[in-house]
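> Quick check, what structure comes out for this input:
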Amino acid sequence: MSKVQVQHVSRPHRFGFKGCDIAESTMIWHPDNVNLYGCTIGGDCSIAFGVEIGRGVVIGDRVRIGSQAFIPQGVIVEDDVFIGPGVTFCNDKYPPSGETWKEGPSTVVKRGAAIGARAVILPGITIGQGALVGAGAVVTRDVPAGMQVVGNPARVQGPKKTFAGLYNDVPEEM
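Next up, the predicted model:
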C-alpha cells in the first residue's frame, strides 16, 4: 500500500476527532454523529452518519464509507474502496471476557474493492484488489483479487461483474 498522503487538520474536539489526521478534502456528514479515534483518513473521502473508526485505522484516498459502518483498530483500507452501510469489521475472532485484549492480524481492504451493505468481515482477512463482497456476506477467509463473494460463509461466485459485463449478456430481443 502506498503511504496515505494526509495533511494534518485540527478538527474541533467537540466532534470527537482528537488525535485524528484527516485530509481537508474529506467530507464528514453529520460530524456530531460520527466517532473517530486516532485514525488517519486520506483525501476526497466521504464518511456518512453514524460511522465509527478506531484508533490506528488507516483509510486511503477516495474511500466512501456508508452509514453505521464499524471499523475497529487493526484495519487498513487502501484507495478507491467502497464500504456500504452497516458493514462491520471484527478485530478479534475469540473476544476475551475480563481479559486484556491483544491485537491480532490486520485486516486489509485492497485498492478498488467494494463491500456491500451489512457485510461482516472477520479479523485477519485480506479483500483483494477490485474484489466485491455482496451485501450481507460473512467473510471468513481471504477474497481473491477481482472476485465476487456472497453468502454466509462467503463463497467465491466468480469474477466481479462490471456494468459492461452485465449489459453485454442481455439478449438482443430485450
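> CA only for contacts and neighbour counts going forward, please
Noted.
> For this structure, give me the ranges with low pLDDT.
1-16, 98, 101, 162-174 (pLDDT under 70).
> Thought Gly42 was touching Asp61, still the case?
Yes - between Asp61 and Gly42 there is a contact at 4.5 Å, judged by Cα atoms under 8 Å.
> Would you map the helices across this protein?
163-168 (DSSP state H).
> Look at Thr100 and say how many residues are nearby.
8 (other Cα atoms under 10 Å).
> Who are the contact partners of it?
Contacts for Thr100 (Cα atoms under 8 Å, 6 or more residues apart in numbering) come out as none.
> Report the separation between it and Val109.
27 Å (Cα to Cα, to the nearest Å).
> what's the answer for Val138, then?
From Val138 to Val109 the distance is 15 Å (Cα to Cα).
> okay, the two: which has more neighbours?
Val109 (27 against 21).
> Quick check: the more buried one touching Asp80?
No - counting by Cα under 8 Å, Val109 sits too far from Asp80 to count as a contact (10.1 Å).
> For the closest residue to Met147 other than its chain neighbours, give its distance to Thr100.
In this structure, Met147 finds its nearest non-sequential neighbour in Pro159, 4.3 Å apart by Cα to Cα, 6 or more residues apart in numbering. Relative to Thr100, Pro159 is positioned 41 Å away (Cα to Cα).
> just Lys160 next, same as before
40 Å.
> Ends of stretch 120-135, what's the gap?
End-to-end for stretch 120-135, by Cα to Cα: 9 Å.
> now swap in stretch 54-68 and tell me
13 Å.
> repeat for stretch 127-146
9 Å.
> List the residues that contact Asn110.
Not Asn; residue 110 is Lys. Contacts of Lys110 by Cα under 8 Å, 6+ apart are Val77, Glu78, Asp79, Val81, Thr126, Ile127, Gly128, Gln129, Gly130.
> burial measure for the fifth one, as a count.
Number of residues near Thr126 (other Cα under 10 Å) recorded here: 21.
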